[in-house]
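Asks: with the sequence up front, the predicted model follows.
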Amino acid sequence: MTLDRERPPARHHRFAWRISGILILLALHVGFVPTASAQSQMTWALQVSLVPAWFDPGEFSPVQTSLVVMSALHDALVKPMPGQPLAPSLAESWQVSKDGLVYEFTLRSGVLFHNGERVTADDVKFSFDRYRGASAKLLKDRVATVEVVDPLHVRFRLKAPWPDFMTAYATPLTKAAWIVPKKYIEKVGDDGFKKAPVGAGPYRFVSYTPGVELVLDAHDRYWRKRPTVNRLVLRVVPDDATRLALLQRGDIDIAYSLRGPLGEGVKRTPGLKLSANLGGVAQWIDFGAQQWDPKSPWHDRRVRLAAAVAIDRNAINQAETLGFSRPSASIIPSRLEFAWSPPAYRYEPAQARKLLAEAGYPNGFDAGDFNGEASSAGFSEAVVNDLSVVGIRTKLRLIERAAFLQQWRERRFPHSLVLAAGGAFGNAALRIENFMVRGGPYVYGSHPDMDDLFSRQASEHDPTKRAALLQQIQRLAHERVMFVPIWEPAGLAGVGPRVEESGLGLIEYYPYSSPYEDVRLKK
């Protein structure tokens, strides 16, 4: 579904929120009213719809929101946990050969799927072979074979040493290490698996009502520990103010994505808490194929730089996330391994106009469509308004999340701007590979010197030298203004008074509640 909006009026004046006056008053002034609800149940309100593809790690979407479901239903050989970026999970240990070509995992004995079947090395190989989700090509192009040694041992052989194998395989950059039951899927098929998913995670599937909710119950024999909360309900509530109203009434326990005035509403409501978490997400303006086209205004570095200094990042941060986000000059979050932090872009609309005039556009120009995700409407409108102030005129085109991601992934925006976002786990090398150098899934063109640097770092075993090569790539991208970075957005969530441990912020870079087995209600 596509929602077209004409460009909003020129200065956003800290961005008008399209919420009815009644709901705003409710959000800001109504106190918490407890309602009768079972202490064994905890309910979340999500800002986006739940889709069956999120039940299957094999179809893992690069959108972090899918982890809300997968982290409950499924488990991985190795995954991020509190205080550990790579924690043993279904695998109790792993070894790497001296030449860096072989990784062997030892599975925990006696781990069970929700249907009572044991997790074995056959399931590990099957899960990898059927994986077709985010960054599948990146991973599979480098793996020569996956060998089942015995029921508790599985061996991965690489085609060449790859220092990022564990980062790509064992963090949520992909879901290839998240294990599904081979026998069950062979019996019911992929479609049957989406209708009744079976995993090895802390919660098992109970019911799914499209557009309404997903209900999950505790997996009594989960290997790590039995979850404290017996039932999880993930409820779909697209309207921001409604999520806050439900939280205030006690109908839900945690409400995600409460931006701007609604975040203030949480802070002003007795009994509620506001949680702000910086994930591994960055958002930026992507030029598609236009910066590589000599006939496009975006081919001129001065035009791209004008857009970069036209954005009032601090104002957007205050209005959208109450100052909790991090304005950025890079598409790579500053906390990722090998990240380089460039100097910040100052908000200089007069300089932007000057740069446009020098490039031959004293009256600005019409830049066509600006494609963004519908759930980020306020943020998108703010960016479009800032560009319009200096003369870069665009038409905001808001697209439902799933459709937007599919179209972006299929490179269907070559001649228009895209409000891009990268939130996959991993490190700077993997972000560079996706967005900056030849062969990347979102790359329309590249610079040969950057491609060469990237090739050299891939075979560099010295971490210090490798970091230097990766940071040089980032410097060149910044100098050439290949993107217009905007910010690393913080996720704002409201937490109700029944909650003892929300799970928010327990895992670094993770913006949602996790691990679910650690979530607790007050006694």
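Replies: Okay, I see it. Keep in mind the model is a prediction, meaning the values are calculated, not measured.
Asks: quick one: the helices in the stretch 301-450 of the chain?
Replies: 301-310, 313-321, 349-358, 377-389, 401-409, 428-435, 448-458 (DSSP state H, counting those that start in this stretch).
Asks: so which of these is nearest Glu508?
Replies: Closest to Glu508 of the helices of the stretch 301-450 of the chain, according to CB to CB: helix 428-435, at 15.6 Å. C-beta: built from backbone N, CA, C; applies to glycine.
Asks: what packs against the closest one?
Replies: helix 136-140, strand 417-422, helix 448-458, helix 463-479 (3 or more CB pairs under 8 Å, 6 or more residues apart in numbering; DSSP states H and E).
Asks: export the helices of the stretch 301-450 of the chain to JSON lines and tack on mean pLDDT and mean neighbour count?
Replies: Formatted as JSON lines, the helices of the stretch 301-450 of the chain follow (pLDDT from 0 to 100; neighbours: other CB atoms under 10 Å):
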{"stretch": "helix 301-310", "mean pLDDT": "98", "mean neighbour count": "22"}
{"stretch": "helix 313-321", "mean pLDDT": "95", "mean neighbour count": "20"}
{"stretch": "helix 349-358", "mean pLDDT": "98", "mean neighbour count": "18"}
{"stretch": "helix 377-389", "mean pLDDT": "94", "mean neighbour count": "22"}
{"stretch": "helix 401-409", "mean pLDDT": "84", "mean neighbour count": "17"}
{"stretch": "helix 428-435", "mean pLDDT": "90", "mean neighbour count": "23"}
{"stretch": "helix 448-458", "mean pLDDT": "95", "mean neighbour count": "16"}
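Asks: now for the ones you listed, which one comes closest to Ala87?
Replies: helix 428-435 (19.3 Å).
Asks: any idea where the helices of the stretch 1-150 of the chain begin and end?
Replies: Under DSSP H, counting those that start in this stretch, the stretch 1-150 of the chain gives helices at 21-29, 67-73, 121-130, 136-140.
Asks: ranking those by burial, who's on top?
Replies: helix 67-73 (a mean of 24; mean count of other CB atoms under 10 Å).
Asks: which residues sit against that one?
Replies: 44, 46, 50, 54-55, 57, 60, 172, 175, 178, 197, 199, 201-205, 214, 216, 232, 234, 510, 512-516 (CB atoms under 8 Å, 6 or more residues apart in numbering).
Asks: still on that earlier bit, between the helices of the stretch 1-150 of the chain, which gets the lowest average pLDDT?
Replies: Out of the helices of the stretch 1-150 of the chain, helix 21-29 stands lowest, with a mean of 41 (criterion: mean pLDDT).
Asks: nearest to Asp75, out of the helices of the stretch 301-450 of the chain?
Replies: helix 428-435 (22.5 Å).
Asks: closest one to Pro485 among the helices of the stretch 301-450 of the chain?
Replies: Pro485 sits nearest to helix 301-310 of all the helices of the stretch 301-450 of the chain, at 7.8 Å, using CB to CB.
Asks: quick one on the thing from earlier: what's the closest of the helices and strands packed on helix 428-435 to Arg157?
Replies: Nearest of the helices and strands packed on helix 428-435 to Arg157, taken as CB to CB: helix 136-140 at 12.7 Å.
Asks: extract the C-alpha trace of that closest one and format it as PDB.
Replies: Output of helix 136-140 as PDB, limited to C-alpha atoms (Å, rounded to 0.1, in the frame of the first residue of the first chain):
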ATOM      1  CA  ALA A 136      21.700 -14.800   2.900                       C
ATOM      2  CA  LYS A 137      23.900 -14.300  -0.200                       C
ATOM      3  CA  LEU A 138      26.500 -12.500   1.900                       C
ATOM      4  CA  LEU A 139      26.700 -15.500   4.200                       C
ATOM      5  CA  LYS A 140      26.300 -18.400   1.800                       C
END
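Asks: list the helices and strands that helix packs on?
Replies: Using 3+ CB pairs under 8 Å, 6+ apart: helix 136-140 touches helix 165-170, helix 428-435.
Asks: one more pass at 7 Å, please.
Replies: When contacts are defined as 3 or more CB pairs under 7 Å, 6 or more residues apart in numbering; DSSP states H and E, helix 136-140 packs onto helix 165-170.
Asks: any idea which helix or strand comes after the helix it packs on?
Replies: helix 182-195 (DSSP states H and E).
Asks: quick check: buried residues in that following helix?
Replies: 182, 184-185, 188, 193-194 (16 or more other CB atoms under 10 Å).
Asks: okay if I get those residues as a markdown table plus distance to Arg108?
Replies: Formatted as a markdown table, these follow (distance: CB to CB, whole Å):
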| residue | distance to Arg108 |
| --- | --- |
| Lys182 | 17 |
| Tyr184 | 19 |
| Ile185 | 21 |
| Val188 | 25 |
| Phe193 | 23 |
| Lys194 | 27 |
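Asks: next, format those as JSON lines and append pLDDT and distance to Arg411.
Replies: Formatted as JSON lines, these follow (pLDDT from 0 to 100; distance: CB to CB, whole Å):
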{"residue": "Lys182", "pLDDT": "98", "distance to Arg411": "34"}
{"residue": "Tyr184", "pLDDT": "98", "distance to Arg411": "36"}
{"residue": "Ile185", "pLDDT": "98", "distance to Arg411": "31"}
{"residue": "Val188", "pLDDT": "98", "distance to Arg411": "34"}
{"residue": "Phe193", "pLDDT": "97", "distance to Arg411": "29"}
{"residue": "Lys194", "pLDDT": "95", "distance to Arg411": "27"}
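Asks: and which of those residues is nearest to Gly288?
Replies: Once CB to CB is applied, the member of those that ends up nearest Gly288 is Lys194, at 32.4 Å.
Asks: test my guess that that closest one contacts Asp56.
Replies: Yes. Between Lys194 and Asp56 there is a contact at 5.8 Å, judged by CB atoms under 7 Å.
Asks: just give the nearest non-adjacent residue to Gly110, would you?
Replies: Arg118 (7.0 Å; CB to CB, 6 or more residues apart in numbering).
Asks: report pLDDT for the closest residue to Ala196 other than its chain neighbours.
Replies: Closest residue to Ala196 apart from its sequence neighbours, by CB to CB, 6+ apart: Phe205 at 6.3 Å. Here, the pLDDT recorded for Phe205 equals 98.
Asks: CA atoms only: put stretch 270-283 into PDB for me.
Replies: Taking C-alpha atoms only, stretch 270-283 is exported to PDB below (Å, rounded to 0.1, in the frame of the first residue of the first chain):
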ATOM      1  CA  PRO A 270       1.900   8.800  37.600                       C
ATOM      2  CA  GLY A 271       3.000   5.100  37.700                       C
ATOM      3  CA  LEU A 272       4.400   5.000  34.200                       C
ATOM      4  CA  LYS A 273       8.100   5.000  33.100                       C
ATOM      5  CA  LEU A 274       9.600   6.100  29.900                       C
ATOM      6  CA  SER A 275      12.400   3.900  28.500                       C
ATOM      7  CA  ALA A 276      14.800   5.300  25.900                       C
ATOM      8  CA  ASN A 277      17.200   2.900  24.100                       C
ATOM      9  CA  LEU A 278      19.700   3.600  21.400                       C
ATOM     10  CA  GLY A 279      19.800   0.500  19.100                       C
ATOM     11  CA  GLY A 280      22.100  -0.100  16.300                       C
ATOM     12  CA  VAL A 281      20.000   1.800  13.800                       C
ATOM     13  CA  ALA A 282      21.000   4.700  11.600                       C
ATOM     14  CA  GLN A 283      18.800   6.700   9.200                       C
END
